[in-house]
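S.K.: Provided below for reference: sequence and predicted model.
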Amino acid sequence: MCGIIGYVGKRNAQPILIQGLKRLEYRGYDSAGVALFNQGSSNAITIVKTAKDNLPNGVSPLISLAGKLKPDSAQIGIAHTRWATHGEPNETNAHPHVCNKHGIAVVHNGIIENYRALRKYLESKGHTMSTGTDSEVLAHLIGENFDAKEKDPLISAVQKTLAEIEGTYGMAVMMKGYDGIVAARNGSPLIIGLGDEELFISSDPGPINDHTKNIIRLDDFQVARIGPDGYHITNLDNDVFESKVEKITWDIKQIELSGYDHFMQKEIFQQPQTVQDAFRGRLGEKGVRLDGLDELGKVMPKISRIKLVACGTSWHASKIGKYLFENLAGIPAEVDYASEFRYAHPILDPAELVIVLSQSGETADTLEALRQAKKTNHTFGIVNAVGSLITRENDAGIYIHAGPEIGVASTKAFTGQVTCLYLMALQMGIERGVIDNYSVHKAELESLPGKIKEILDMDSNIKTIAENYAKNKNYLFLGRGINFPVALEGALKLKEISKIHAEGYPAAEMKHGPIALIDKNMPVVFVATGRDTLYEKVLSNMEEVKARKGKIIAVVNQGDERVRDLADHIIPVPTTSKWLAPLLNVIPLQLLAYHTAVIRGKNPDKPENLAKAVTVE
Ligand code: M6R
């Protein structure tokens with residue numbers, strides 16, 4: 001995943017592009033670059049690039065890029081912030097890539113799968129590649145396909161090129177002497193922003209929200225030109241499209257830090273609101289109202305199984321969903337990694353509803369799994385990003401309504417997803433006649449935002465715990481039943497942003513292997529809320545850790561004195577129903593990861609090697 005921004009208008013493109021890249025930085029931050037074309041003063045395109053590996057530790061490529069740019073009044077430009085897939089994250093491999101044959105500059109998000117063959121072909125035609133990337137072949141192939149006799153030679157060359165490549169792309173192309181930008185997408189999102197006598201290309205609405213609220217989302221295999229004459233959208237065969245103009249409804253404040261040190265911190269602290277926004281307007285007096293489920297209409301009563309498909313944190317939310325569907329609605333549910341599902345040729349029961357979960361709605365594996373499932377089954381999406389690809393390809397779905405999530409480590413989307421899964425399980429349970437105490441569920445859900453606030457008030461205590469173990473090299477997270485996915489999520493958060501190795505396990509599995517690692521240097525986080533039959537067993541697991549001098553950090557219910565005697569650190573959370581407990585228990589684990597990362601001098605919003613949405617395989 002990378003970020004792309006382009007501008008054509010009457011203003012100076014430079015500051016617009018740099019500001020836009022800052023908003024896109026969460027999509028990748030290995031390197032950055034711009035291409036500018038100043039029609040007034042020269043016929044050449046200026047390219048400036050920079051990469052992290054050339055910079056002093058901690059300096060972002062964007063800061064360096066802004067510093068390297070000479071004052072200029074170019075009114076056309078494209079810019080890119082990179083998350084490396086093919087080729088090291090160095091300055092040479094930074095975008096834009098150039099073909100000197102016609103002065104073509106390209107920024108690209110995605111993967112060109114047949115780039116090796118194309119490279120050989122292009123070299124045989126006399127092109128010299130100067131980078132280790134797959135993207136560079138795009139610039140050269142467009143150059144090779146350029147035919148000045150065409151009506152708009154750049155559009156034609158791009159269309160021809162895209163017909164020859166295999167892979168995914170969101171891309172923007174400029175050419176010296178050309179008064180616009182040509183953009184195209186397949187698999188990687190791209191939108192056009194419609195301003196007042198100016199037009200934008202962007203990977204998402206964030207960078208252009210300051211300039212216009214009107215956008216057009218490009219579809220796969222569409223090619224667009226933006227220029228002084230407006231915008232023009234075709235497919236690869238040059239058929240013209242009239243696309244729907246959408247309004248961005250969210251406010252710019254949602255993508256600003258608003259006094260917080262990091263987006264991750266802001267998003268953790270937004271969760272009382274996130275959970276409320278996920279259930280607001282959906283809890284009726286007699287039952288849940290989810291328009292998305294109603295859209296499935298007559299299909300719903302026939303559903304007898306559920307398959308949840310997702311990646312990363314969304315997969316952890318799905319694991320919780322399995323417990324909810326099975327225990328609240330009495331429907332058997334299974335969870336698959338999208339990356340495995342798509343190649344596993346799964347044998348799906350026709351009565352199986354396939355639910356895909358995704359914060360971004362862009363994850364390539366999840367999107368492809370959805371496409372596979374759609375061939376035979378009904379599909380449903382639980383997504384955060386409004387209008388994203390996954391929402392557009394599902395049969396039906398619901399939004400989480402968490403607002404833009406910028407922190408690379410997903411936090412508020414997780415609690416939003418779990419809240420939505422709970423609502424779905426409730427509605428399906430009511431419709432199937434297996435829930436007769438809806439009002440109890442409703443009241444408990446409505447009390448959660450206040451309980452989350454109580455946990456957030458313990459922030460400084462959790463920071464102190466983090467300080468104790470910030471130098472440790474490993475962590476273990478244990479939980480049972482519905483708290484097992486919470487343990488997985490706690491471990492994922494910590495490893496993503498703090499670079500401490502962490503594992504999540506079902507508590508009882510510890511004795512089948514991980515116990516070998518326990519000594520005085522191993523902090524073990526137990527998620528041990530609730531007083532069901534598993535509670536005593538988890539206490540035994542704590543004894544086992546204590547006997548081996550491991551350090552115990554326990555998330556327990558307020559008033560739990562038994563664990564207090566065993567644990568080195570207690571994080572007491574308010575009591576709630578067993579099925580809602582993950583929504584509370586995950587909060588201290590997010591805070592623990594956040595503080596650990598900051599104490600270790602890491603920027604939690606820019607974890608190494610990660611990007612917010614993985615739009616490549
Ligand atoms: O946007 P998605 O929910 O589809 O993303 C799935 C994963 O890539 C994502 O959850 C990833 O694991 C996060 N970095 C977790 O914090």
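M.R.: Here it is on my side, so go on.
S.K.: What's the end-to-end length of stretch 92-106?
M.R.: Taking C-alpha to C-alpha, to the nearest Å, stretch 92-106 runs 14 Å from one end to the other.
S.K.: Find the closest residue to the ligand in the stretch 101-250 of the chain.
M.R.: Proximity of the stretch 101-250 of the chain to the ligand (C-beta to the nearest ligand atom) peaks at Pro189, 11.8 Å away. Yep, even glycine has a C-beta here, placed from its N, CA and C like the rest.
S.K.: can you tell me the helix or strand for Ile382?
M.R.: Using DSSP states H and E, Ile382 falls within strand 379-383.
S.K.: now do Ile201
M.R.: Using DSSP H and E, Ile201 sits within strand 199-202.
S.K.: Next, the buried residues of the helix or strand following that strand.
M.R.: Counting by DSSP H and E, the next helix or strand C-terminal to strand 199-202 is strand 214-217. By neighbour count on 16 or more other C-beta atoms under 10 Å, the buried set for strand 214-217 is 215-217.
S.K.: Can you redo the residues you listed as a markdown table, where the extra columns are pLDDT and distance to the ligand?
M.R.: Output for the buried residues of strand 214-217, formatted as a markdown table (pLDDT from 0 to 100; distance: C-beta to the nearest ligand atom, whole Å):
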| residue | pLDDT | distance to the ligand |
| --- | --- | --- |
| Ile215 | 96 | 20 |
| Ile216 | 97 | 22 |
| Arg217 | 94 | 17 |
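S.K.: just to revisit the earlier point, please read off the pLDDT at the residue of the stretch 101-250 of the chain closest to the ligand from the model.
M.R.: With respect to pLDDT, Pro189 scores 89.
S.K.: which residue of the chain sits farthest from its center?
M.R.: Farthest-out residue of the chain from its mean C-alpha position, per C-alpha atoms, centre = their mean: Lys149, at 42.9 Å.
S.K.: Can you give the distance of the lowest-mean-pLDDT helix or strand in the chain from its chain's centre?
M.R.: When the helices and strands of the chain are scored by mean pLDDT, DSSP states H and E, helix 61-68 comes last with a mean of 84. Here the centre of helix 61-68 is set off from its chain's centre by 25 Å, with C-alpha atoms, centre = their mean, to the nearest Å.
S.K.: Give me the angle between the helix or strand that that helix is followed by and helix 61-68.
M.R.: Once the chain leaves helix 61-68, the next helix or strand it forms, by DSSP H and E, is strand 76-82. Using axes from the mean of the first three to the mean of the last three C-alpha atoms, to 10 degrees, the inter-axis angle of strand 76-82 relative to helix 61-68 is 140 degrees.
S.K.: Next secondary structure after strand 76-82?
M.R.: Next along from strand 76-82, by DSSP H and E: strand 97-99.
S.K.: Am I right that Asn238 sits in a helix?
M.R.: No - counting by DSSP: H, G, I helix; E, B strand; the rest coil, Asn238 is not found in a helix; it is coil.
S.K.: re earlier: outside of the strand holding Ile201, which residues touch it?
M.R.: 4-9, 16, 20, 24, 78, 172, 181, 183, 190-193, 207-208, 211-212, 224, 226-227, 230-231 (C-beta atoms under 8 Å, 6 or more residues apart in numbering).
S.K.: Give me the buried entries from the residues you listed.
M.R.: By 16+ other C-beta under 10 Å, these give 4-9, 16, 20, 24, 78, 172, 181, 183, 190-193, 207-208, 211-212, 224, 226-227, 231 as buried.
S.K.: In strands, which of those appear?
M.R.: 4-8, 78, 172, 181, 183, 191-193, 224, 226-227, 231 (DSSP state E).
S.K.: that older thread, kindly export the strand holding Ile201 (C-alpha atoms) in CSV.
M.R.: Provided in CSV are the C-alpha atoms of strand 199-202 (Å, rounded to 0.1, in the frame of the first residue of the first chain):
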residue,chain,number,x,y,z
LEU,A,199,-8.9,18.7,-9.9
PHE,A,200,-7.2,16.2,-7.7
ILE,A,201,-6.3,12.5,-7.8
SER,A,202,-5.9,10.8,-4.5
